[in-house]
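Participant: Build me a model from this:
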Amino acid sequence: MKIAIVKLSALGDIVHSMIVLQFIRKHNPEIIIDWVVDESCNELLESHPDINKVHSVNLKNVKRKKSLFILLKELRKVSQFGKYDVVIDMQGLIKSAVISRLISSPITLGFDKSSAREGIASVLYNQTFKYSYDKNVIERNLALIANFLDFPVSKESILNKEVLLYSSQKYKFKVISNIMSNVVLIPGASYDSKMYSYQKLAEIASIIEANFIIVWGSEVEKLLADKIKTLCPKVQVMEKLSIDLLVSLISQVDLVIGSDTGPTHIAWALNIPSITLFGPTPAYRNAYNTSINKIIESDSKVNPLKINKLDYSINDIDVQEIVGLAQDLLKKRAR
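Facilitator: Here you go, the predicted structure:
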């Protein structure tokens, strides 16, 4: 059997989806899996041993240039990806459904109208699966695949997952300490209200005895990183990293602290201890609490169907709560 999985973006969403690969392999190692992804994220998938081929599309370029010619060129490219036994749209958006339908296959599978992120996307599938949109994203991804391929999934099997991500090589980083615990701080996120106060992140770094490393992806995040260093000179600010380098770096540290954003979720995927901070987004849906991957939420009541981007309650999370949890995780890691 040959499967094409469609999950275009964003970084964290793809990370949460990649758990399906090891479940498919354990169920039937003969299944060939290709993955369709936005060009900006293909580096995340290229080194994965369970993926036969990564097909990339550049829909962001279409959106940026608003060009019909570029759109038609991308769609024509999709139609030439080859033939599959089934195409599975794990994203549930109109754009991902269109991509899925254009790929040659007798079966196009996705979430039904009540379950898809954009319900109208379901009209483009010839097989649908019902699984409430407000349920945990990791469990949703697995349920969609497991129902079609008929294999069991349990909470225990998710908690005992193997590493999900691979870098092309194990890079050596001068910022990594061989003497102290290494902690990555992630100050950025996709929008302001998901970001924890840079002043409080600096305070955390000042209190905990560890080697702190800050990673960033945009110029706004670089400014935040520099502000943290001004307040806490001991932190080290990385240069901008590729996805491959980011995965390699996080695989070598002892703890990651950040908000509900892709790089923080990479720690979970690598079985590296993490603390994910939640304000305007739902922790029960967007993360998986484990013995080493912990969640701290604000008191905000979150509706996953209608995210309030003006909810800055993440900054109500107490610094000492984060410090105490971080110290506990580092202590366990050192044993």
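Participant: alpha carbons only for contacts and neighbour counts from here, please
Facilitator: Noted.
Participant: residues contacting the residue most central in space within the chain?
Facilitator: Closest residue to the average C-alpha location of the chain: Gly12 at 1.7 Å, with CA atoms, centre = their mean. If you count contacts by CA atoms under 8 Å, 6 or more residues apart in numbering, Gly12 has them with Thr261, Gly262, Pro263, His265, Ile266.
Participant: which among the residues you listed gets closest to Val137?
Facilitator: Nearest to Val137 among those is His265, at 12.2 Å by CA to CA.
Participant: For the closest residue to the closest one other than its chain neighbours, give me the pLDDT.
Facilitator: Using CA to CA, 6 or more residues apart in numbering and skipping the chain neighbours, the partner closest in space to His265 is Gly12 (6.0 Å). With respect to pLDDT, Gly12 scores 96.
Participant: What does Gly12 show for phi and psi?
Facilitator: phi -60, psi -40 (degrees, to the nearest 10).
Participant: Cys41 too?
Facilitator: phi -120, psi 0.
Participant: Equivalent analysis for Val183, please.
Facilitator: The phi/psi pair for Val183 (degrees, to the nearest 10) is phi -120, psi 130.
Participant: Can you tell me how far it is from Trp216?
Facilitator: According to CA to CA, to the nearest Å, Val183 stands 14 Å off from Trp216.
Participant: got JSON lines for the contacts of Gly12, with distance to Ser167, secondary structure and neighbour count too?
Facilitator: Shown next, in JSON lines, are the contacts of Gly12 (distance: CA to CA, whole Å; DSSP: H, G, I helix; E, B strand; the rest coil; neighbours: other CA atoms under 10 Å):
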{"residue": "Thr261", "distance to Ser167": "19", "secondary structure": "coil", "neighbour count": "24"}
{"residue": "Gly262", "distance to Ser167": "16", "secondary structure": "helix", "neighbour count": "20"}
{"residue": "Pro263", "distance to Ser167": "14", "secondary structure": "helix", "neighbour count": "28"}
{"residue": "His265", "distance to Ser167": "15", "secondary structure": "helix", "neighbour count": "28"}
{"residue": "Ile266", "distance to Ser167": "12", "secondary structure": "helix", "neighbour count": "24"}
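Participant: distance between the ends of stretch 168-177?
Facilitator: Start-to-end span of stretch 168-177 (CA to CA) is 22 Å.
Participant: swap in stretch 32-47?
Facilitator: The straight-line separation of the ends of stretch 32-47 (CA to CA) is 15 Å.
Participant: heads up, I number from 18, so please use that
Facilitator: Renumbered: residue one is now 18, and that last one reads stretch 49-64.
Participant: Show which residues not belonging to that stretch make contact with it.
Facilitator: Contacts of stretch 49-64 (CA under 8 Å, 6+ apart): 18-28, 67-77, 182-185, 260-261.
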